[in-house]
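Q: this is a predicted model, with the sequence first.
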Amino acid sequence: MKPQAVLLSLVLLIGVLALASGCELVASVSKATDSAANLTREFDEAIEKMETQSGDWKAVLTKLEQDIAKDAQSTIKNEVQNTLVRATAAAGSNIKCVMDFVGDRVLEDLRAIKASLTGGTVKRTPKLCQVVPDAVDMSFDPNRRNLITYDGYNFEPGAFKATLRERQSGGLAPVDVTPHVQVQSHYHATLNLGANGVQLGPNSVSIELAFQGGTSTVSVLQRVLPQCQATEVLVPIGSRTIIPPHTKGDREFFAKMDVTLRTSVSLQDNQIVATVYMKAEQYDDDHTTAEGTETYRTPIPNIPQGWRAVSIASATTDDFQWRGDKTWEEDLITRGGLVELYGIIGDTNTEEAGTRTQTTVNFNPVRVRLAQVTDCVP
């Protein structure tokens, strides 16, 4: 016989036995009390053979079918015919169990039919044949990895327990996700991984489906992330002017002043924060003083998504002291590093502390280090 015919025969015969254990069989047998002993004996013989020779399932079932025909009522024969029609339609389903599973199923059906004759019950053991996918690849779009399907037979609501394994400090932690299991039929079940289902993350390791007689584990494949990258950019700050407030004396320096400048830059929220401190103090008379600090923020432009500024790679401070001023003009002092040039106006031809005494700081471009911080391995 061709393999296709064998497979079809398997499906048809299993369907016959599955239906034979239904309510109508019980009703028919219970009415035919005179044949109950014969039916019980026939099933005992078939079960005994299946327990030791499951590979001969076809011969065993053929003989049992013939023996039942002698004792069973016409209603059972009609149901058998209907079952054959339904089984033929089911032959194209996704139940692809191996030959050993066929023998197990036949044996369970025989036991169930016998139990119906004697008033007992038999609990069927779920058999899992196929799981799709065999691993969940987290590099896929979520819409392409939103479901796990399980195919087999003897599926019943409540027959499965699903557990998500999450990596935590100290090992793996189990998370019960059984509510997201849906048994669609006796042959098909699903596990929802969508937006309203099991939420997988970077610490997810595997999903385990446990049932009577076994377990199935689907691995969660985390994305293989590249090494984090880094680069440096030059950020121009330009010039900034500070006019410190008058804090002491009569506001006149009379060309006798000491100037202290302290300039620094730092990073904050992807911005360069520049701070300039200036103190101008008359070094005799009433020690007229102007002193203060100004802060300026410069956003770092064009930072790629998933990157951030992590450090400054160029000079971050400049301290300068200067004694003047013999003229009323701006004095230009060349520096290096953080500051390119200071333009200092000290004394003028009128009161100047707090109004005209000032320094313009011309900054050199600041070299900032950018680093990739998402979708990569440090």
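A: Perfect, thanks for sending it.
Q: measure the residue nearest to residue 234 when sequence neighbours are not counted to residue 314 for me?
A: Distance criterion C-beta to C-beta, 6 or more residues apart in numbering; nearest residue to residue 234, sequence neighbours excluded, is residue 365 at 4.1 Å. Every C-beta, even on glycine, is put in place using the N, C-alpha and C of the backbone. According to C-beta to C-beta, to the nearest Å, residue 365 and residue 314 sit 8 Å apart.
Q: more crowded one of the two?
A: The neighbour count for residue 365 versus residue 314, taken as other C-beta atoms under 10 Å, is higher for residue 314 (16 against 13).
Q: contacts only, for the more buried one.
A: Counting by C-beta atoms under 8 Å, 6 or more residues apart in numbering, residue 314 makes contact with 337, 338, 364, 365, 366, 367.
Q: equivalent analysis for residue 63, please.
A: Contacts were defined as C-beta under 8 Å, 6+ apart; by that measure residue 63 touches residue 46.
Q: do residue 139 as well
A: 221, 223, 224.
Q: just the buried members of those residues?
A: Among these, those classed as buried by 16 or more other C-beta atoms under 10 Å are residue 221.
Q: make TSV out of the contacts of residue 139 and add distance to residue 111.
A: TSV is the format used below for the contacts of residue 139 (distance: C-beta to C-beta, whole Å):
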residue	distance to residue 111
221	41
223	48
224	49
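Q: nearest to residue 152 among the contacts of residue 314?
A: Distance to residue 152, by C-beta to C-beta, is smallest for residue 367 among the contacts of residue 314, at 63.2 Å.
Q: give me the distance between the two termini of stretch 368-378.
A: From its first residue to its last, stretch 368-378 covers 19 Å (C-alpha to C-alpha, to the nearest Å).
Q: stretch 202-218 too?
A: From its first residue to its last, stretch 202-218 covers 16 Å (C-alpha to C-alpha).
Q: mind checking the pLDDT average for the helix or strand hosting residue 66?
A: Counting by DSSP states H and E, the element that carries residue 66 is helix 57-71. Averaged across helix 57-71, pLDDT comes to 66.
Q: go on, stretch 218-229?
A: So the average pLDDT for stretch 218-229 ends up being 90.
Q: repeat for stretch 364-375
A: According to the model, stretch 364-375 has a mean pLDDT of 95.
Q: for stretch 167-177, same thing?
A: pLDDT averaged over stretch 167-177 gives 91.
Q: contacts for that stretch?
A: With C-beta under 8 Å, 6+ apart as the criterion, stretch 167-177 contacts 161-166, 191, 197-198, 203-205, 207.
Q: please pick the buried ones from these.
A: Buried, going by 16+ other C-beta under 10 Å: 162, 163, 164, 165, 166, 191, 197, 198, 204, 205, 207, out of these.
Q: would you say the second one is within a helix?
A: Right, residue 163. No. The assignment for residue 163 by DSSP: H, G, I helix; E, B strand; the rest coil gives strand, which leaves it out of any helix.
Q: now do the contacts for it.
A: 174, 175, 176, 177, 178, 207, 208, 210.
Q: list the beta-bridge partners for the third one.
A: Note on residue 176: beta-bridge partners by DSSP bridges are residue 163.
Q: so how many other residues sit close to it?
A: 10.
Q: how about the last one?
A: Around residue 210 sit 15 other residues, with neighbours defined as other C-beta under 10 Å.
Q: tell me the contacts of it?
A: Residue 210 makes contact with 160, 161, 162, 163, according to C-beta under 8 Å, 6+ apart.
Q: secondary structure element holding it?
A: Element membership of residue 210, judged by DSSP H and E, is strand 204-211.
Q: was I right to think residue 198 contacts residue 179?
A: No. Look at residue 198 against residue 179 with C-beta atoms under 8 Å: they stay out of range, at 9.5 Å.
Q: just among the contacts of residue 314, which is most surrounded?
A: residue 366 (22 neighbours).
Q: ok, that residue - contacts?
A: Applying C-beta under 8 Å, 6+ apart, we find residue 366 in contact with 234, 235, 236, 237, 265, 272, 312, 314, 338.
Q: and the closest residue to it other than its chain neighbours, how close does it get to residue 276?
A: Among residues not flanking residue 366 along the chain, residue 235 sits closest, at 5.0 Å (C-beta to C-beta, 6+ apart). According to C-beta to C-beta, residue 235 stands 17 Å off from residue 276.
Q: these two: who's more crowded?
A: Each of residue 235 and residue 276 has its neighbours counted (other C-beta under 10 Å); residue 276 has more, 24 against 20.
Q: please state the mean pLDDT value computed over the helix or strand the more buried one falls within.
A: Using DSSP H and E, the element containing residue 276 is strand 271-281. In this model, strand 271-281 has an average pLDDT of 97.
Q: please identify the residue most distant from the middle of this protein.
A: Farthest-out residue of the chain from its mean C-alpha position, per C-alpha atoms, centre = their mean: residue 285, at 72.6 Å.
Q: assign that one to helix, strand or coil.
A: From three-state DSSP, the assignment for residue 285 is coil.
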